[in-house]
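K.L.:
Return a 3D structure for these sequence lines:
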Amino acid sequence: MSNNLSAALQYLNEGYSIMPLYSPEILERNPPAKFTKMLEAEIEKNKINGEPLTEIEVREKIINHFCKMSCLPSWREYQKRKPTEEEVRQWFTNDYPAANIGIITGKLSNLVVVDLDTQEIADDFREKGWFDKAGVVKSGRGYHLYFQYPAFEVTNAVNKELKVDIRGEGGYITAPPSVHGSGRCYPDRR
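P.N.:
Here you go, the predicted structure:
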């Protein structure tokens, strides 16, 4: 059984607001009802698809999606205040010991993350020097670039064509050493 308590406490000590996220282990051992319901609905929807996926592919898709979701019924309060050390210990020791770690982005954490989901866009950002200006984490499909929050407001944005997401106010990211829905670990930041 994995336990990300020490990493979660380190992020908290670095000034980040954090929360527990679902992990493949949680979904395998004790899936929440909303996961099961979403999976069943997606399997039924897939059956009427002209080119249906296998049930294994549908399950992998839902696991990948769910492993980016908060274990908490509501995580919005942690956009306004950081959790206490006691809350973090409770989450990662008793409530969700196998949880992944979510870092809440925005002013409170002094963090904006640019999520690059293809190697092509990552190469473009690297050539332009952005990798040298950021903390870099290999993510499930690409890279997360960690930047200090600027003097102006940054909200979440998604560019589906370029496969680039920005996480600012109202957002969060999955942080190392979390386990992606695919089973791959997020390596440490550099």
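K.L.:
When you work out contacts or count neighbours from here on, use the C-alpha atoms and nothing else.
P.N.:
Will do.
K.L.:
Can you show me the strands along this structure?
P.N.:
Taking DSSP state E to define them, one finds strands in the chain at 17-21, 100-104, 111-116, 135-138, 143-148, 157-159, 164-167, 172-175.
K.L.:
quick one: low-confidence ranges for this protein?
P.N.:
1-2, 188-190 (pLDDT under 70).
K.L.:
The residue lying closest to Arg76 once chain neighbours are set aside - how many residues pack around it?
P.N.:
Excluding the flanking residues, the one nearest Arg76 by C-alpha to C-alpha, 6 or more residues apart in numbering is Gly170, at 7.9 Å. Gly170 is flanked by 16 other residues according to other C-alpha atoms under 10 Å.
K.L.:
The one 5 residues further on now?
P.N.:
When neighbours are counted by other C-alpha under 10 Å, Ala175 registers 27.
K.L.:
for this structure, what spans make up the helices?
P.N.:
Secondary structure of the chain (DSSP state H): helices located at 5-13, 24-29, 33-47, 55-66, 85-89, 119-127.
K.L.:
Ala175 is nearest to which of those helices?
P.N.:
The closest of the helices of the chain to Ala175 is helix 5-13. By C-alpha to C-alpha, the value is 9.2 Å.
K.L.:
now for that closest one, which elements pack on it?
P.N.:
Applying 3 or more C-alpha pairs under 8 Å, 6 or more residues apart in numbering; DSSP states H and E, we find helix 5-13 packed against strand 17-21, helix 85-89.
K.L.:
which helices and strands sit right next to the first one?
P.N.:
Identification of packing neighbours for strand 17-21 by 3+ C-alpha pairs under 8 Å, 6+ apart yields helix 5-13, strand 100-104.
K.L.:
looking at the ones you listed, which is buried most?
P.N.:
Highest mean neighbour count of these: strand 100-104, a mean of 28 (counted as mean count of other C-alpha atoms under 10 Å).
K.L.:
Report the inter-axis angle for that one versus strand 111-116.
P.N.:
If you take axes from the mean of the first three to the mean of the last three C-alpha atoms, to 10 degrees, strand 100-104 sits at 120 degrees to strand 111-116.
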